[in-house]
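Engineer: Pasting a predicted model and its sequence here:
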Amino acid sequence: MTIKVGIPGSLLYYLYYPMWRTFFNELGVQVVTSGVTTKNILDQGTREALADACVPIKLFYGHVMDIKDRVDYLYIPRVVCLNGKTVYCPKFLGLPDMIRYSIEKVPPIIDVRMDTRQGRFALLKAYLEIGRILGSPKILVIRAYLKSVGILYRYNRLLRKGWSPVQAMNFLENQVGGTAFADSTKPSLKFAVLGYPYAIYDSFISVNLIDKLRKYGVRVITAENIHPALLALQRNCSLPKRLFWTLSDRALKAAHLLFNQHRIDAVLHLTAFGCGPDSLLNKLIEMEAKKHSDIPFMTLMIDEQTGEAGMNTRLEAFVDMVRRKKEALACQK
């Protein structure tokens, strides 16, 4: 009987799912995902999670509830550090325990610790441990790991070409969809949308932010569209030391790079209510934005109560303001 492993469609799913899916499939394991976010999934997560948890964590709970009764294992790795320098949000580190002890009747959780600061082959050892749990031969696990690393490389290349995570995942799995999503109108503006990928790319909690901007004639750039080498050039972003958290550090470097290049018309920061690292990140981006007063900046905050009407109003007004400003500057030249 084929083993089924469940991968919740939230948080690090948007960054590493193609790698995880390939790894498990190569071991002969069936991967089950919770699919796209719905109101029912968010409502379930809101009921199960702590009241003061941020909306992405509540959403993750909902995705777990959606698949927990259909799988033999839940895959919730304890991802600490993957670049040897910065760490992920503390809630990510405690997530396996939070799920295990707060939700009833959850299947066994594969919560292998991943921390590349522990040595050159720390990540390989983590995947070997996953293989041991599933009873897979060591040589098969190594082959699966190497193939999954190659898939992750291809996935990131597609993201840097402007593909959305959903489209890139679909292309790698089914080999369909040959170009990035086309804008419904010829883009006349270019916006940077910064924040955490699990907020930006989840069309439900972001209220279709990226699609809405494209319909308004805006080309969207995110941190995932930028090559890591360019981000690395930003070093500590004029701070005394590097920002602790991996995704915050990436978003802040993207902000500094894009502001300094002056090739964008505006910057939007999508932030989640109740997120500690995000509140600090927003302030740091805002401080950088004040140094570039010619580039409009706006913060959009989301939570489980975010309404589409309010988001539409703010976006339409902001896009219209930026477009009028650009047209006025063009007339002065």
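Structural biologist: Nice, I can see it. Residues are numbered from 1 along each chain as shown.

Engineer: contacting residues around the longest helix along the chain?
Structural biologist: Across the chain, the longest stretch assigned as helix under DSSP state H is helix 308-332. Residues outside helix 308-332 that contact it (Cβ atoms under 8 Å, 6 or more residues apart in numbering): 188-189, 191, 207-209, 212-213, 216-218, 265-266, 268, 296, 298, 300. Backbone N, C-alpha and C define where each C-beta goes, glycine included.

Engineer: can you rerun that using 10 Å?
Structural biologist: By Cβ atoms under 10 Å, 6 or more residues apart in numbering, the residues outside helix 308-332 that reach it are 188-191, 206-209, 212-213, 215-218, 265-266, 268, 294-298, 300, 302, 307.

Engineer: Would you show me how to pick out the buried ones of those in ChimeraX?
Structural biologist: Listed next is the ChimeraX selection for buried residues among the contacts of helix 308-332, using 16 or more other Cβ atoms under 10 Å:
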select :189,191,206,207,209,212,213,216,218,265,266,268,295,296,297,298,300,302
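
Engineer: ok, and for the longest helix of the chain, which residues are buried?
Structural biologist: Neighbour-count burial for helix 308-332, counted by 16+ other Cβ under 10 Å, picks out M311, L315, F318, V319, V322, R323.

Engineer: Wait, a strand at V267?
Structural biologist: Yes. Going by DSSP: H, G, I helix; E, B strand; the rest coil, the assignment for V267 places it inside a strand.

Engineer: Next, count neighbours for it.
Structural biologist: Using other Cβ atoms under 10 Å, the number of residues around V267 comes to 24.

Engineer: For it, give the beta-bridge partners.
Structural biologist: Per DSSP bridges, the residues bridged to V267 are A192, F297.

Engineer: close enough to count as contact, it and Q261?
Structural biologist: No. The pair V267 and Q261 fails to qualify as a contact (Cβ atoms under 10 Å) at a distance of 11.7 Å.

Engineer: who touches both of those two?
Structural biologist: Taking Cβ under 10 Å, 6+ apart as the contact rule, the neighbours common to V267 and Q261 are A192.

Engineer: Could I get the full set of helices for this structure?
Structural biologist: For the chain, helices defined by DSSP H occupy the ranges 13-26, 39-48, 55-67, 90-102, 122-134, 138-160, 165-174, 197-200, 209-215, 228-232, 246-261, 276-290, 308-332.

Engineer: Which one of the ones you listed lies nearest to Y75?
Structural biologist: Comparison of the helices of the chain against Y75 by Cβ to Cβ identifies helix 13-26 as nearest, at 6.6 Å.

Engineer: quick one: least confident of the buried residues of helix 308-332?
Structural biologist: In terms of pLDDT, M311 ranks lowest among the buried residues of helix 308-332, with 80.

Engineer: distance of P228 from A255?
Structural biologist: In this view, P228 and A255 are 15 Å apart by Cβ to Cβ, to the nearest Å.

Engineer: Which one's more surrounded, the two?
Structural biologist: Neighbour totals were compared for P228 and A255, and A255 leads with 26 against 14 (other Cβ under 10 Å).

Engineer: Test my guess that H262 contacts D294.
Structural biologist: Yes. Counting by Cβ under 10 Å, H262 does reach D294; the two are 7.8 Å apart.
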